[in-house]
Structure formats: C-alpha cells, structure tokens
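S.K.: Using only what follows, build the 3D model:
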Amino acid sequence: MKSFLRKAHAIYFGLFFCLLFITLFPFTVLFLSFERTKFLGHILNKIHSHITFFFVPVLYKKEYRFKPKGKENYVFCANHSSFLDVPLLFVTIPGFFNIIGKASIGGWPLFGYMYKKLYITVDRKSRKSGKEALEKAGESIENNRSMVLFPEGTIPNDNKPNMIRFKDGAFRLAIQKQIPIVPITIPFNWIILPDYGQEGYRMKRAKIIVHEPLETKGMTEDDLESLKQKTYDIIANEIKQQNS
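M.R.: Numbering: from 1, shown residues only. This next block holds a predicted model:
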C-alpha cells in the first residue's frame with residue numbers, strides 16, 4: 001500500500017508540475033519574445049517552483065552559510081540526485097542566473113522551447129557541444145548572469161547518495177572568469193524523489209545548504225584539480241554528515 005501511495009504521489013507531482021507549466025506557458029512565450037523581458041521568464045520559473053512546492057506539497061529548509069547577492073556573479077556547484085534538484089535551486093538562488101542542462105531537454109514539448117530560450121543545453125557525449133556550452137556560460141557571466149552547474153554531469157545510477165567524479169567545466173569556467181565557486185549540498189532529494197519518481201515520492205523535508213564561496217582570484221589552470229577536489233569534499237562530507 002505504501003508503495004502504491006508513493007507512486008501515486010509521484011504521478012500527482014508530475015501532473016501538477018506539467019499542468020501548471022502549461023497554464024503559465026502563454027506568459028512564458030510573451031516574456032521570451034523580447035530580449036528586455038526575458039528575465040521575467042526566469043522569474044516565472046521561480047514562481048512555478050514555489051507554487052508546485054506549496055501544493056504538492058514539498059516541505060524544504062534552506063540553510064545559508066553564505067547568502068549570495070543577486071547582482072554578483074558566482075559559479076554554483078550542486079550535487080545531483082533527483083528531478084527535485086532544479087526547482088529547489090530555483091527557490092534558493094537569487095537573481096537571473098543561468099543553468100546548463102542535458103541536450104534532450106530541448107526536445108521536450110513546450111518546456112524545451114522555454115529552456116533553449118532561457119538557458120544552455122549540452123550534449124554530454126560531444127566534446128564540441130561541451131566546449132560551446134562553456135563558451136555560452138562565459139558569455140552569460142559577462143552579461144552578469146551567474147551559472148548553476150551539476151559538476152557530476154548526470155544523476156548517478158548507483159551507490160547513492162555518494163557522488164560520482166566531477167567534470168572540469170565548472171571549475172575551468174570559474175578560474176577563467178576569476179569568480180567564486182559556491183558549493184551547494186542537496187542531501188535528501190535522492191530519498192524524496194529518486195530518479196524521476198521511479199520508486200515513488202517519500203514525504204521528507206528537503207534541505208539545501210549554500211556553503212561559503214571558494215575564491216578563485218589569482219588561480220590558473222594549474223589550480224583546477226585542487227579546486228575541484230575541495231568543492232567535491234565539501235559537498236561529499238556534508239552529504240555524509242546529513243545522512244548519518
């Protein structure tokens with residue numbers, strides 16, 4: 001019975017998320033039709049996340065060990081374990097930030113249109129696509145839009161909540177632009193809604209922790225591995241502590 005209720009709740013979550021997006025979509029199209037109103041499409045996504053979490057409901061706690069300023073640029077690096085991660089980031093991070101998602105998102109009906117207009121997609125299997133995505137991310141920072149990345153590059157299939165090895169892109173970007181890395185730990189989403197709800201939705205308070213920034217001023221490519229490892233260790237240690 002519990003398994004059935006969990007799966008039913010996951011289906012309800014998905015339906016509510018999609019129906020609300022469809023309801024808001026005419027406004028999304030309007031906002032994305034003009035360059036000067038694109039940021040309103042991003043704000044609409046924030047509103048969408050807040051409403052979804054309220055009505056599903058998804059209870060969550062935000063812990064700011066550092067409070068980002070919406071007008072300053074950062075590279076936010078978060079662990080990735082669930083479909084919930086992105087909307088949780090939307091209700092946590094201030095400002096008109098940018099985010100990199102997998103290329104297949106661009107093919108989703110309606111949602112793909114919005115995503116390609118507002119954010120960046122990348123084919124993880126293509127080195128050329130990865131390079132282009134990093135260039136777009138650099139342009140985004142130059143236009144005063146912080147970047148949000150999942151340095152694992154995907155949702156790990158096994159051994160959760162442990163992370164897989166980080167990719168270089170986020171750290172190369174932060175060093176090139178000489179802006180701080182902000183580690184973010186999302187410790188419980190792998191329990192609440194694992195792998196897009198295949199095991200159902202479990203009622204548990206979500207949590208997101210925004211860590212102190214790691215400065216990159218004066219760093220070069222030679223510092224990339226140590227920066228990547230330090231970021232990994234901060235998130236991994238927090239996940240272990242929160243799940244112990």
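
S.K.: So which residues lie in contact with the one helix or strand Q176 maps to, not counting its own?
M.R.: Assigned by DSSP states H and E, Q176 belongs to helix 169-177. Residues from elsewhere that reach helix 169-177 (C-beta atoms under 8 Å, 6 or more residues apart in numbering): 73, 75, 77, 130, 133-134, 137-138, 141-142, 147, 149, 151, 180-181, 216, 219-221, 223-224, 227-228, 231. From N, CA and C alone the C-beta is placed, and that goes for glycine too.

S.K.: now do 7 Å
M.R.: Identification of contacts with helix 169-177 by C-beta atoms under 7 Å, 6 or more residues apart in numbering yields 75, 77, 130, 134, 137-138, 141, 147, 149, 151, 181, 216, 219-221, 223-224, 227-228.

S.K.: nearest spatial neighbour of the most centrally placed residue in the chain, skipping sequence neighbours?
M.R.: Nearest residue to the geometric centre of the chain (C-alpha atoms, centre = their mean): V86, 4.1 Å. Spatial nearest neighbour of V86, excluding adjacent residues (C-beta to C-beta, 6 or more residues apart in numbering): I99 at 7.2 Å.

S.K.: May I have the phi/psi pair for that neighbour?
M.R.: Torsion angles at I99 (phi, psi; degrees, to the nearest 10) stand at phi -150, psi 150.

S.K.: That one - how many residues pack around it?
M.R.: For I99, the neighbour count with other C-beta atoms under 10 Å is 25.

S.K.: quick one: it and S146 touch, right?
M.R.: No - the criterion here is C-beta atoms under 7 Å, and I99 misses it with S146 at 9.5 Å.

S.K.: any idea of the pLDDT on L44?
M.R.: Listed pLDDT for L44 reads 98.
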